[in-house]
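Enquirer: This is the structure alone, sequence omitted:
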């Protein structure tokens, strides 16, 4: 019985890759997320004269992007990822809200090391 | 969000790859943090662009404040006030310690309490610089004494006019110390040394003064602007003439630069005034008012007396021009612009390489050889000048280059054929060249009848001249018989001698050349007999080099020897375009008109190296102008309408050495056997045997190794065939070659391989599927030049449209079957003319069969397809005649 299963395992994977993926895609299209915001935080260090930026994303609740490289990869491969209870989505540019003219919340923190 | 998102993704990617390349040390040795993006200079510009004009929530310590990203300079102003003690103070309207400067890549940013400003470069250079003076000195104000007010007004204020407010000052002070706008007046002249002198005047409002001379100036001056302007003068090369209080420009090159390029800038910035002398000495371009060209008594005279500039200076001018100098300074101080100019080109082209003394030029008239007349004509076409030509000259140009023949040239009666229109043109062209004692290259495509055009010329000469001199044709051995055939056909009046035989026989023939009109010899034989020719010191009327590519290499004996033969007029014939290789071109021109393209060394220097190594197009153009009048080439495409669909020519070859020996002995045997056979069995029964014997003899003509396995000799027909194929391929033709012997095709294949000629073969062995593939590829692939086809393969409607030449290696017995076979296998679109060659060995069975075919036209026309039936129709006498 084992040997028989092995033989057909690869086929199952084949079906899964092509068929099941399609199914997930349609599900995604139905529950598409499209209004995430990005909140930048700028931190200026007056002593070192450096400026750095951190980012939080989300909708009702914002989560900080802890790893920018991983975020990049997820966007590249259109992966689905869960950041927390209130944020899980397929990483695609359309998931984010279009820029709007109103004030966006950017935190600009100035560090003065005295 | 998308602008911001793009920003994030861009830098996240950088972080990702930057960290990844660190290698296996992984997270312990990351170069960049994963959590945040360090905003770089470019990053700052980018993120500012994304966020500009937005209100940003700003968190400082515990408080929330707002900062706006403003995409412009901050509004910073300075004020000058006078204090009670007389001192002045300059104060900015911000706290100089209350801001930070951030550096972008294209911009600078100022972070104040409420905003982040994006500042431009001028801001950096003016206000920021000034603010730094305060910061570096830890002071909120700059203080200066009353006596220093003038300095402030003239050194500092002008640079910051917009930003410093003088409102709090007395108006009288302002007028006294603050300089007005500076204007400059410049007076230009030449001194006796032909240096440019410049008198400068600075102008402030109503006050004018010479900064180099006048010392007591009381007006407020904008010193930095003054220095800026003085720098311009210095850069141009002006130097101070202290004595006269003015500037002088002495260096000739700098003067030229100033006059040609910089003066525009000066006129833009200053008021420039010049004396009349100065204006007159502006830069001139050489021009020729008028040229006259006369052709008189075989001499070409050019009248250059009306050149626009001093002809006496022409030598130095030409020298400078050759050295590619930009200008020449004439004696009166003015400049002649020598840069690319048609007049200069013309004169330079005219004078170069000729041994024309400058004395001739100064006298205004130069002489050049008449053969340069055509080149001169081309040169003039580019000139924007009035050219007067005398009638003789005009006539020559028209006749040779435009081929508008005015001279009366009539077609001779002795020519047994109608020439086609283009051949008439060619004939007349050759005659005209002959009239002017020029040489020429007739480079018509293969098959267009170069031979007959030359024969027309010779015939015409014979009819005009009472005591005609002999002419000589030198051609490849395989074509000598061809000439003879053409003459017999078209101009039988020409008494022809074909040089052949062993050395002694040939020497004898050469002795008797005077008795003939035309001598035909081969390059090979000419090489061997040259001493005999030289000994007799013949001067021929025409010498014709057929297949001139044989003399394309000047270092070969072929080329050297042929140039030793004396003749009045020389022509070269070739079917291949010769302009492609310059050294070949030179060699052929060295034959037809020695000296026209100079010595090879000079030719190489002037033309070959610039064209081949430097790709100099202008030189190439000049060379083409030189040679074009003397080359006439028509392609089949051009004269297509005058050609029939198919032109059939017979090419004869003569067996030699071993092949001849074998043939002769076989023939002797055959004769004996035939007469024996006839005696024993009578005519009807002997037919098979006779046929077999005829086949044998035919094979020998094709190539004895078709049945003699140990034959190591050559075949004259094969040699000729390969030569024809090579020439045709060089001219860009595609060839079909038919033979009834597939083993013959194999032999030909070997030769083609040796010559690197790509080909296909189709025999009875070729599968049907492959046949179509081969045909398709032959038609579409330009690289496959030859298609060898066995007649036994039979046509099944093969459509070989790619070919425009057909060679019948061993002409078929039955003419119509032959035609049918070839017609069946190729169908020519209306656009092509096809040249058909039949290779027939002279003094052999092939020749006799051919003659019989011609005679028995009816028989030939009948639709019989086999040899046997043809033989059947021949009478006994006919057959016996074959073996004679």
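Expert: Perfect, I can see it now. Remember, predicted model here, so these are calculated numbers, not experimental data. Numbers count the residues shown, from 1 in each chain, chains lettered A, B, ... in the order given.
Enquirer: List the contacts of residue B:541.
Expert: Neighbouring residues of residue B:541 by CB atoms under 8 Å, 6 or more residues apart in numbering or on different chains: B:461, B:468, B:469, B:470, B:471, B:567, B:568, B:569. For every residue, glycine as well, the C-beta is placed using N, CA and C.
Enquirer: Might one say that residue B:212 is in contact with residue B:238?
Expert: No: Residue B:212 lies out of contact with residue B:238 (CB atoms under 8 Å); the separation is 10.8 Å.
Enquirer: any shared contact partners between those two?
Expert: residue B:247.
Enquirer: Looking at the two, which has the bigger crowd around it?
Expert: A direct count of neighbours by other CB atoms under 10 Å in any protein chain shown for residue B:212 and residue B:238 places residue B:238 higher, at 22 against 17.
Enquirer: Residue ranges in the stretch 651-800 of chain B under the pLDDT threshold?
Expert: By pLDDT under 70, the low-scoring segments of the stretch 651-800 of chain B are B:794-799.
Enquirer: all strands of it, in order?
Expert: Using DSSP state E, counting those that start in this stretch, the strands assigned to the stretch 651-800 of chain B run over residues B:735-739, B:759-762, B:786-790.
Enquirer: Nearest to residue B:803, out of those strands?
Expert: Each of these has some distance to residue B:803 by CB to CB; the shortest is strand B:735-739, at 4.6 Å.
Enquirer: So what are the sheet partners of the closest one and their directions?
Expert: strand B:786-790 (parallel), strand B:805-808 (parallel) (DSSP bridges).
Enquirer: In JSON lines: these, plus mean neighbour count.
Expert: Converted to JSON lines, these look like this (neighbours: other CB atoms under 10 Å in any protein chain shown):
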{"stretch": "strand B:786-790", "mean neighbour count": "24"}
{"stretch": "strand B:805-808", "mean neighbour count": "24"}
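Enquirer: Could you list the low-confidence segments of chain A?
Expert: In chain A, residues with pLDDT under 70: A:1-7, A:20-31, A:46, A:99-114.
Enquirer: Just the helices from it, written as ranges.
Expert: Here chain A has its helices, by DSSP state H, at A:2-15, A:21-30, A:68-77.
Enquirer: Residue B:47 - that's part of a helix, no?
Expert: Yes: counting by DSSP: H, G, I helix; E, B strand; the rest coil, residue B:47 is located in a helix.
Enquirer: Could you report the pLDDT at it?
Expert: The per-residue pLDDT reported for residue B:47 equals 85.
Enquirer: Give me the neighbour count for it.
Expert: 25.
Enquirer: how does the chain divide into domains?
Expert: Unless you meant another one, I'm taking chain A. Following automatic domain parsing, one gets these domains for chain A: A:1-31, A:33-111.
Enquirer: The intended chain is chain B.
Expert: B:1-35, B:39-176, B:182-280, B:288-400, B:421-641, B:647-882.
Enquirer: Can you lay out the ones you listed as JSON lines showing distance to residue A:97?
Expert: What follows is these, written out as JSON lines (distance: least, CB to CB, whole Å):
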{"stretch": "domain B:1-35", "distance to residue A:97": "5"}
{"stretch": "domain B:39-176", "distance to residue A:97": "14"}
{"stretch": "domain B:182-280", "distance to residue A:97": "53"}
{"stretch": "domain B:288-400", "distance to residue A:97": "63"}
{"stretch": "domain B:421-641", "distance to residue A:97": "60"}
{"stretch": "domain B:647-882", "distance to residue A:97": "59"}
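Enquirer: Of all these, which one comes closest to residue A:55?
Expert: Here domain B:1-35 is closest among those (CB to CB), at 6.0 Å.
Enquirer: Could you give the average pLDDT over that closest one?
Expert: Averaged across domain B:1-35, the pLDDT comes to 76.
Enquirer: who touches the residue lying closest to residue B:421 once chain neighbours are set aside in this structure?
Expert: Of all residues not flanking residue B:421 in the chain, residue B:642 sits nearest, at 5.8 Å (CB to CB, 6 or more residues apart in numbering or on different chains). Neighbour list for residue B:642: B:420, B:421, B:422 [criterion: CB under 8 Å, 6+ apart].
Enquirer: quick one: which of the residues you listed is nearest residue B:730?
Expert: Among the contacts of residue B:642, and counting by CB to CB, the member closest to residue B:730 is residue B:422, at 21.7 Å.
Enquirer: Which helix or which strand is home to the closest one?
Expert: helix B:421-435 (DSSP states H and E).
Enquirer: Going C-terminal from that helix, what's the next secondary structure element?
Expert: In N-to-C order, the element after helix B:421-435 by DSSP H and E is strand B:440-442.
Enquirer: Which residues does that next one contact?
Expert: Under CB under 8 Å, 6+ apart, the answer for strand B:440-442 is B:426, B:429-430, B:433, B:450, B:453-454, B:548, B:571-574, B:578, B:588-589, B:592, B:630-633.
Enquirer: rerun at 10 Å
Expert: With contact meaning CB atoms under 10 Å, 6 or more residues apart in numbering or on different chains, strand B:440-442 is reached by B:400, B:426-427, B:429-430, B:432-434, B:448, B:450-451, B:453-454, B:457, B:544-546, B:548, B:569-575, B:578, B:585, B:588-589, B:591-593, B:627, B:629-634.
Enquirer: In strands only, show me those.
Expert: B:544, B:545, B:569, B:570, B:571, B:572, B:573, B:631, B:632 (DSSP state E).
Enquirer: Kindly reformat these as TSV containing pLDDT.
Expert: Compiled in TSV, the ones in strands among the contacts of strand B:440-442 are given as follows (pLDDT from 0 to 100):
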residue	pLDDT
B:544	96
B:545	95
B:569	93
B:570	94
B:571	96
B:572	95
B:573	94
B:631	90
B:632	90
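Enquirer: Can you tell me which of those residues has the largest number of neighbours?
Expert: For these, counting by other CB under 10 Å, the largest number of neighbours falls to residue B:572: 29 neighbours.
Enquirer: My guess is residue B:34 contacts residue A:64. True?
Expert: No: here residue B:34 does not reach residue A:64: they are 11.3 Å apart, not a contact under CB atoms under 10 Å.
Enquirer: Any idea which residue of chain A lies closest to chain B?
Expert: residue A:69 (3.3 Å; CB to the nearest CB).
Enquirer: For the residue in chain B positioned nearest to chain A, give me its contacts.
Expert: Proximity of chain B to chain A (CB to the nearest CB) peaks at residue B:16, 3.3 Å away. Listed by CB under 10 Å, 6+ apart, the contact set of residue B:16 reads A:67, A:68, A:69, A:70, A:71, A:72, A:73, A:76, B:32, B:34.
Enquirer: ok, 8 Å please
Expert: Counting by CB under 8 Å, 6+ apart, residue B:16 has contacts A:68, A:69, A:72, A:73.
Enquirer: any idea how far residue B:46 is from it?
Expert: Distance from residue B:16 to residue B:46, counting by CB to CB, to the nearest Å: 18 Å.
Enquirer: Not counting the helix or strand encompassing residue B:377 itself, show me its contacts.
Expert: Residue B:377 is part of helix B:373-381 when elements are defined by DSSP H and E. Residues outside helix B:373-381 that contact it (CB under 8 Å, 6+ apart) are B:291, B:293, B:295, B:300, B:302, B:346, B:349-350, B:368, B:387, B:393, B:396-397, B:400-401, B:625-626, B:628-630.
Enquirer: Now with 10 Å, please.
Expert: Under the contact criterion CB under 10 Å, 6+ apart, helix B:373-381 has outside partners B:291, B:293, B:295, B:300, B:302, B:342, B:345-350, B:368, B:370, B:372, B:387, B:389, B:392-394, B:396-398, B:400-402, B:436, B:438, B:596, B:621-630.
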